[in-house]
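Student: Output the structure for:
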Amino acid sequence: MLSETRPVIRGIRGCIASSHYLATEAGFQILTNGGNAIDAIVAAGFALHVVEPHMNSIGGECPILVHSAREKRTYAISGQGTAPAKATLEYFEKNNIKLIPGDGFLPATVPSSFDAWITCLSRFGTKSLKEVMTPAFRYAQEGIVVNRQLHEKIQQHAQRFSSEWPSTAKIFLPDGKVPLVGQVIKQPDLAKTLRALAEADTVAAAREYFYSGPIAQEIVEFTASHAVRDATGRTHKGLLALQDFAEYRTKIEETVTIDWKNLTVHKCGAWSQAPVFLQQLRLLEGFDLTKLGHNSVDYIHLLTEAAKLAFADREAFYGDPLFSEIPLDRLLSRSYAHDRRKLIDLRRASMKLRSGEGVVRFETGGTEGKPGDTSHVDACDSEGNMVSATPSGGWIYSSPVIEGLGFALGARGEMFSLQKGHPNCIAPGKRPRTTLTPTLVTSKQLPVLAFGTPGGDQQDQWTLQFFLNFSEFEMNLQQAIDAPTFHTTHFPSSFYPRRAHPGELHLEDRIRKRVLSGLKRRGHKVVVEEGWSNGKVTAVSFDQATRVISAAASSRMQSAYALGY
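Tutor: Take a look at the predicted model:
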C-alpha cells in the first residue's frame, strides 16, 4: 500500500490547489461565492504575486491552459512577455555581451502576467476584476507572514538589497534587517498598485492603466534612469519603452497535443519548453513501462535517456513560432519518435546531446547560476471548467523593485539565444523560450487532469513522472505527487550562464540504494538529493463518471495546499 503525506481533497462543486496555502484560500473563497474555476484561479494567481514574491510577481509572466466546459475546447493563453524594440542582436553584439544575464534590467520582457489573467477572466470567467483581486490586495495591505523559503531568499540577497537596491530593501529588509520566519511583511506600494487596477471601471480600463498609463510610465522611467549592475559585471539601464507596452497583447492559441492511449495531453507551444513533455511521451510509447517497474533501474534509465533526446531537440528547434518555422508536426510524429528511439541504449547512459539535427554543443565556462523559482495553480469546477497556470518571474532578487509600484520585473529574456539564425535568437517583439509549462489532459473533449510544478528545466521531467504515476501505475493524485523523483541536468540550462552537466542524474534519496548503484553501473553521474526536495507539484482531476473533483498538493517545502467542497 503506497503511503500519502496528505489526504486527497475531494468535492463536487470545485477544487483548487496551488503552491501557497493563502493563494489556495483566495481561490477557494471565489469558488464558494459562486465563481467558476477560471475566477478562482485568477484570484489565486494574483494572490501568489503577493505571498510568494521570491517565486513570481505581477511584473513576470504566466502561461495558462484553459478547458472551457461551454465550448468543450482547450486553449493556451500565451502569458509570456515579448522583447523590447531595443533588444536586438546588434545591441548585444555592439556591447560585447555573449550571454544575456539573468539579473538587472537587460533581460526584462514586457510584464505579461496581468494581461494573461485579465484575458483569461474576461474570456472565460464570471466575476469582476475587483472581486478576484480583493484577496491579493488584502494580503499586500495587511501583510504576509514570512516562511522559511522567503526568509532564506532575502537572507541570500540581503547585501545586494542594502547596498545596491534601496527600493527592494525598503520592503524586504524592514529596519534594515532580514525578516525572521514568522515575521509580518507589508507591501504598501504593491497594495496601492493592486487597488488602482482593481478599482478601474472596466477590465479594458485596468489594462490601459497598466500598459498605456501610470504603471508602464513608471516602469519605463525607473528602468531608464537607474543603471543596475548585472552578471556581465557592468551596469546597464533598461531597454523597455512605452511603445513596447502599448503594442503588447496576450494571445489565445490552440494547444499542442498528442494522444496517450485514451487521453489527449495539451501543452503550450514551442515558445515554451512544453512540447518536450509530449516528445518524451512519444519516445516512451514504444515501451511497457509497468513491466519495467516503478522507479526501477530500467525505468529511471529509460526516462532519463528519453529526456536527453527530447531536450536536445528543445535546444535545436524550439522558439517563438511567430518568428521561425518550428517543425512540431515532425518532432511529435510517431515516425520521428521511432527513429529517435533507436538511439536509446538500454544498458548505457549517453554522454552526447543528440538532436534531430545532430550533436548539439554543450555550453562551457562561466560560474553556475542561481535560477529563480516559480509558482503553480490548478482548478476545476462542477461544470467541467479546468485551468492550469504557472506564474513566475519578477523575483525580488532578479532586479530592483520598481519604486512606487512595489514589484520587480521579470528576467525571462535571459533564455534568448544570441546565435544568429537560431529559432530562439532574440528579436524585438519576440517571446523567449520559457521554461514555464502547465499541463492539461482531456478525454472525449471532457477534462480529466491539470497539473504543474515550479522547477525551471526540471518541470517537464517531474510532471512527466507524476503523470505516469497517475496514468500508468494507477496511483491516486497524492501518491503520484509524493513518489520520489529524479531528473537529469545533461542538457544546457535555460538560465544564465546556460551550463550543462553531461550525464548528471539527480535522485531523491528515498529511491532505493540498489537502484542508485545500478544507475551508476550504467554510467550515470548520480547526484543524491534530499528526500523531499524536488518540485512542488499540484494537481486537480475530474472523474467523468461520478463528476467528483479531486485535488492534491506536494508536501515538499510545506507551503502548497489543496481545498475543495
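Student: Quick check: the residue positioned nearest the centre of the chain vs residue 51, distance?
Tutor: Nearest residue to the geometric centre of the chain (CA atoms, centre = their mean): residue 436, 3.2 Å. Residue 436 sits 19 Å away from residue 51, going by CB to CB, to the nearest Å. (C-beta placed from N, C-alpha, C; glycine too.)
Student: if we can go back for a sec, could you look up the SS state of the residue nearest to the centre of the chain?
Tutor: At residue 436 the chain is in coil, as set by DSSP: H, G, I helix; E, B strand; the rest coil.
Student: So what's the residue count around the spatially closest residue to it that is not a sequence neighbour?
Tutor: Excluding the flanking residues, the one nearest residue 436 by CB to CB, 6 or more residues apart in numbering is residue 390, at 4.4 Å. When neighbours are counted by other CB atoms under 10 Å, residue 390 registers 32.
Student: that older thread, report the contact partners of the residue nearest to the centre of the chain.
Tutor: Residue 436 is in contact with 61-63, 80, 268, 272, 374, 390, 392, 459, counting by CB atoms under 8 Å, 6 or more residues apart in numbering.
Student: if we can go back for a sec, my guess is the residue nearest to residue 436 meets residue 378, correct?
Tutor: No - counting by CB atoms under 8 Å, residue 390 stays clear of residue 378, with 9.8 Å between them.
Student: can you give me the strands for the stretch 251-400 of the chain?
Tutor: All strands of the stretch 251-400 of the chain, identified by DSSP state E, counting those that start in this stretch, fall at 251-254, 256-260, 263-267, 354-355, 358-359, 377-381, 386-389.
Student: Would you reformat those strands as a markdown table and include mean pLDDT, mean neighbour count and distance to residue 196?
Tutor: Formatted as a markdown table, the strands of the stretch 251-400 of the chain follow (pLDDT from 0 to 100; neighbours: other CB atoms under 10 Å; distance: least, CB to CB, whole Å):
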| stretch | mean pLDDT | mean neighbour count | distance to residue 196 |
| --- | --- | --- | --- |
| strand 251-254 | 98 | 14 | 26 |
| strand 256-260 | 98 | 18 | 36 |
| strand 263-267 | 98 | 21 | 35 |
| strand 354-355 | 95 | 18 | 47 |
| strand 358-359 | 66 | 10 | 52 |
| strand 377-381 | 98 | 33 | 24 |
| strand 386-389 | 98 | 31 | 23 |
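Student: how about low-confidence regions in the stretch 351-500 of the chain?
Tutor: Scanning the stretch 351-500 of the chain for pLDDT under 70 picks out the ranges 358-372.
Student: so how many other residues sit close to residue 202?
Tutor: Applying other CB under 10 Å, I find that residue 202 has 11 neighbouring residues.
Student: What's the local residue count around the nearest residue to residue 552 once chain neighbours are set aside?
Tutor: Spatial nearest neighbour of residue 552, chain neighbours left out: residue 477 (3.7 Å); criterion: CB to CB, 6+ apart. Other residues within reach of residue 477, judged by other CB under 10 Å, total 29.
Student: Could you do the one 5 residues further on as well?
Tutor: Other residues near residue 482 come to 24 when the count uses other CB under 10 Å.
Student: do you know how far the closest residue to residue 468 other than its chain neighbours is from residue 350?
Tutor: Spatially, and ignoring its direct neighbours in sequence, residue 468 is nearest to residue 289 (6.4 Å; CB to CB, 6+ apart). As judged by CB to CB, residue 289 and residue 350 stand 20 Å apart.
Student: And for residue 451?
Tutor: Residue 451 is 28 Å from residue 350, by CB to CB.
Student: now swap in residue 460 and tell me
Tutor: Using CB to CB, residue 460 is found at 19 Å from residue 350.
Student: who are the neighbours in contact with the residue lying closest to residue 79 once chain neighbours are set aside?
Tutor: Leaving aside its sequence neighbours, residue 79 sits nearest to residue 116 (CB to CB, 6+ apart; 2.9 Å). Listed by CB under 8 Å, 6+ apart, the contact set of residue 116 reads 61-64, 77-79, 250, 389.
Student: Show the contacting residues for residue 242.
Tutor: 212, 216-217, 220.
Student: Can you tell me how far it is from residue 117?
Tutor: Counting by CB to CB, the gap from residue 242 to residue 117 is 22 Å.
Student: re the thing from before, any residues in contact with both of residue 390 and residue 378?
Tutor: 438, 452.
Student: More neighbours: which of residue 460 and residue 350?
Tutor: residue 460 (28 against 19).
Student: the inter-axis angle of the helix or strand hosting that one versus strand 256-260?
Tutor: Element membership of residue 460 [criterion: DSSP states H and E] is helix 459-471. If you take axes from the mean of the first three to the mean of the last three CA atoms, to 10 degrees, helix 459-471 sits at 30 degrees to strand 256-260.
Student: counting contacts, what elements does helix 459-471 pack onto?
Tutor: helix 275-284, helix 297-317, strand 439-443, strand 446-452, helix 477-482, strand 486-488, strand 538-542 (3 or more CB pairs under 8 Å, 6 or more residues apart in numbering; DSSP states H and E).
Student: Redo the ones you listed as TSV? Include distance to residue 14.
Tutor: Output for the helices and strands packed on helix 459-471, formatted as TSV (distance: least, CB to CB, whole Å):
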stretch	distance to residue 14
helix 275-284	26
helix 297-317	33
strand 439-443	16
strand 446-452	12
helix 477-482	15
strand 486-488	32
strand 538-542	9
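Student: Please work out which of those is packed deepest.
Tutor: Of these, the one with the most neighbours on average (mean count of other CB atoms under 10 Å) is strand 538-542, at a mean of 29.
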